[in-house]
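Engineer: Let's see this in three dimensions:
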Amino acid sequence: MALMTPPTSDAHRDAPAPVRAVLFDLDDTLFDHQRCSRAALAGVAARHACFDAIDPSELERRHAGILEQLHLEVIAGRMVLDAARVERFRQLYRAAGVEADEALAASAAACYRDAYIEARVEVDGASALLAAVRERAQVVVVTNNLLEEQKAKLRHCGLDRHVDLLVASEEAGVSKPEPGIFEIALERAGVTARHAVMVGDSWTNDVLGARAVGIRAIWFNRAGLPAPDPSITVLDRLRPLEAVLPVILEGR
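Structural biologist: Numbering: from 1, shown residues only. As a prediction, this is how the structure comes out:
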């Protein structure tokens, strides 16, 4: 496990405040969205020859970009989820040189959705980590997505029993990295920023968003990417517990 800790200073030598709430991102922090998406996208690509000329990693990159753009439209209430799913594959086909009609795009969307649901799984070690954290602090999931969509993921993976609070951008009315969603999470948990820590895979949404409101942030970096700021603590996995828990709960 790779850990990067801040350089020693007078401030860092002070004992950290006790952690009373751990805020976790959901997708690609606790729930393995990347694995599910990759499996589902491979199923779609296998059905249609137009995708053969595109490298799987490039197809995944293009799909992720389209998904992110349309996801923002859904969260903002400007597009219905089912319509966004169909539009996503219409655009993906276009990227492969095919103008897909409604039936083809809808069929691909349904194929993807079914395979995604079939592949749903937690990030390795997530359930055990949440159970251990919850013995000492509240577990709060803060996520940019639809509330029911995220509830279903937690429930399917059995993570819901370890979660005290779920704050989803749809119902909160504000998304990460905006300060408001973190402030809502803190208020609902009844803690101050000083007594909270955020763990998430997005540098912008989770790390910078949390730091902007004074929450200590930990970057969950499974890909081993270089940290934009070396003062931020990095985790590259959620186990073993004896190594991860002190990082999250004690800042060491």
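
Engineer: Surely residue 227 touches residue 234?
Structural biologist: Yes. Here residue 227 lies in contact with residue 234, judged by CB atoms under 8 Å, at a distance of 5.7 Å. No exception for glycine: its C-beta is placed from N, CA and C like everyone else's.

Engineer: Looking at these two, which has the bigger crowd around it?
Structural biologist: The neighbour count for residue 227 versus residue 234, taken as other CB atoms under 10 Å, is higher for residue 234 (20 against 15).

Engineer: and whichever strand or helix holds the more buried one, average pLDDT?
Structural biologist: Using DSSP states H and E, residue 234 falls within strand 233-235. Averaging pLDDT along strand 233-235 yields 97.

Engineer: For the remainder of this discussion, apply numbering that starts at 76.
Structural biologist: Sure, I'll start numbering at 76, so the last one becomes strand 308-310.

Engineer: helix or strand right after it?
Structural biologist: Toward the C-terminus from strand 308-310 - assigned by DSSP H and E - lies helix 316-325.

Engineer: chain center to stretch 207-218, what's the gap?
Structural biologist: In this view, stretch 207-218 has its centroid 15 Å away from the chain centroid, taken as CA atoms, centre = their mean, to the nearest Å.

Engineer: okay, how far is it across that stretch, tip to tip?
Structural biologist: End-to-end span of stretch 207-218 (CA to CA, to the nearest Å): 21 Å.

Engineer: buried sites along that stretch?
Structural biologist: 207, 208, 212, 213, 214, 215, 216, 217, 218 (16 or more other CB atoms under 10 Å).

Engineer: Out of these, which is nearest to residue 178?
Structural biologist: Checking the buried residues of stretch 207-218 against residue 178 with CB to CB, the nearest one is residue 218 at 32.5 Å.

Engineer: What pLDDT is listed against the closest one?
Structural biologist: At residue 218, pLDDT is 98.

Engineer: Sketch out the strands for the chain, chain order is fine.
Structural biologist: 96-99, 213-218, 240-243, 271-275, 291-295, 308-310 (DSSP state E).

Engineer: Looking at the ones you listed, spot the one closest to residue 131.
Structural biologist: Proximity to residue 131, assessed across those by CB to CB, is greatest for strand 291-295 (24.0 Å).

Engineer: tilt between the closest one and helix 316-325?
Structural biologist: 150 degrees (axes from the mean of the first three to the mean of the last three CA atoms, to 10 degrees).

Engineer: helices and strands around strand 291-295, which ones?
Structural biologist: On a contact count with 3 or more CB pairs under 8 Å, 6 or more residues apart in numbering; DSSP states H and E, strand 291-295 meets strand 271-275, helix 284-287, strand 308-310.

Engineer: ok, the longest one: who's next to it in the sheet?
Structural biologist: Strand 271-275 has the following strand partners under DSSP bridges: strand 96-99 (parallel), strand 291-295 (parallel).

Engineer: tell me which residues of that strand are tucked away?
Structural biologist: Residues of strand 271-275 classed as buried: 271, 272, 273, 274, 275 (neighbour count, 16+ other CB under 10 Å).

Engineer: and the angle from that strand to strand 213-218?
Structural biologist: Going by the same axes, to 10 degrees, strand 271-275 makes 40 degrees with strand 213-218.

Engineer: Residues contacting strand 271-275, please?
Structural biologist: With contacts defined as CB atoms under 8 Å, 6 or more residues apart in numbering, strand 271-275 is touched by 94-100, 104, 217, 257, 261, 264, 281-282, 284-285, 290-295, 310, 323-324, 326.

Engineer: Among the buried residues of strand 271-275, pick out the one closest to residue 172, please.
Structural biologist: Of all those, residue 172 sits closest to residue 275, with 36.2 Å by CB to CB.
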